[in-house]
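**Q** From the sequence below, what's the structure:
(one chain, ligands or ions: 1)
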Amino acid sequence: MDKVNIAIDGPAGAGKSTVARQLAGRLSYLYVDTGAMYRALTWKALQEDLPLHDEEQLTQLLERIKLELGGNEEAPRVYVNDAEVTEGVRTPEVTAAVSEVSAHEAVRRMMAEKQRMLAANRRAVLDGRDIGSHVLPDAELKVFLTASVDERAKRRHEENVEKGISSDFEEIKQAISRRDEQDANRTIAPLVKARDAYEIDTTNQQVEDVVAEIESLLRQLG
Ligand code: C5P
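**A** Predicted coordinates:
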């Protein structure tokens with residue numbers, strides 16, 4: 001089987017995971033949510049009350065735990081030591097803490113290695129912040145998704161309301177801006193558009209149209 005890796009990067013709430021999942025489903029590629037990996041480590045670190053600035057304790061924790069992405073692109077699941085934490089990794093506590101955990105160089109090195117192994121010699125769509133720029137610089141197709149911060153906050157807010165989760169638009173907007181700033185300003189593999197990535201602004205676009213645009217880019221690769 002030919003290796004085809006598709007990297008989908010961008011800031012929080014730009015629609016990466018929705019687009020990446022649909023794309024993977026349509027192409028029958030493996031879907032890898034790399035943000036879920038950082039979230040799972042953060043979830044476990046919070047459970048164990050570890051200091052999040054302590055790189056060594058975090059890397060030891062990552063060595064010790066079994067971290068798995070399962071399910072499928074319609075219903076991806078996250079497991080830590082065989083316990084399902086799919087919902088747990090999406091709580092506001094984990095969301096607020098994950099950028100601190102993901103800023104550590106040794107943590108990123110270990111995660112990137114796991115991600116490269118998942119993508120090796122196969123057809124896979126990976127979504128994250130540094131996939132095209134750092135983890136898979138040779139990915140066949142790189143896409144950088146953006147959207148205005150208002151639009152991104154609005155989507156997250158509407159998602160919450162739909163799920164019956166209490167939600168405040170201004171708070172979400174602030175949290176998203178804070179996370180973007182932390183992710184874009186960290187020293188190691190920050191959130192950045194790879195030079196050879198196609199940028200797609202999803203602000204006024206439907207998911208289906210974005211997916212179709214990426215499929216068309218893929219066809220152009222031949
Ligand atoms: O994509 P998601 O919002 O779930 O990612 C959660 C966090 O994980 C990001 O805010 C970022 O700090 C970190 N992350 C990262 N590199 C990736 C994917 C996610 O640093 N490739």
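
**Q** Up against the ligand, what does the protein have?
**A** 12, 34-35, 38-39, 98-99, 102, 128-131, 179, 183 (C-beta under 6 Å from any ligand atom). For every residue, glycine as well, the C-beta is placed using N, CA and C.

**Q** The spatially closest residue to Val101 that is not a sequence neighbour sits in which helix or strand?
**A** The shortest distance from Val101 to any non-neighbouring residue, by C-beta to C-beta, 6 or more residues apart in numbering, is to Thr42 (4.6 Å). Using DSSP states H and E, Thr42 sits in helix 34-47.

**Q** quick one, strands of this structure?
**A** 4-9, 30-33, 67-71, 76-80, 83-84, 123-128, 141-146, 198-201 (DSSP state E).

**Q** gap between the first one and the chain center?
**A** Read that as strand 4-9. Relative to its chain's centre, strand 4-9 lies at 12 Å (C-alpha atoms, centre = their mean, to the nearest Å).

**Q** Show me what that strand is packed up against.
**A** Applying 3 or more C-beta pairs under 8 Å, 6 or more residues apart in numbering; DSSP states H and E, one finds that strand 4-9 contacts helix 16-27, strand 123-128, strand 141-146, helix 207-220.

**Q** For burial, what's the neighbour tally of Asp82?
**A** Asp82: 7 surrounding residues under other C-beta atoms under 10 Å.

**Q** I am finished for the moment; much appreciated.
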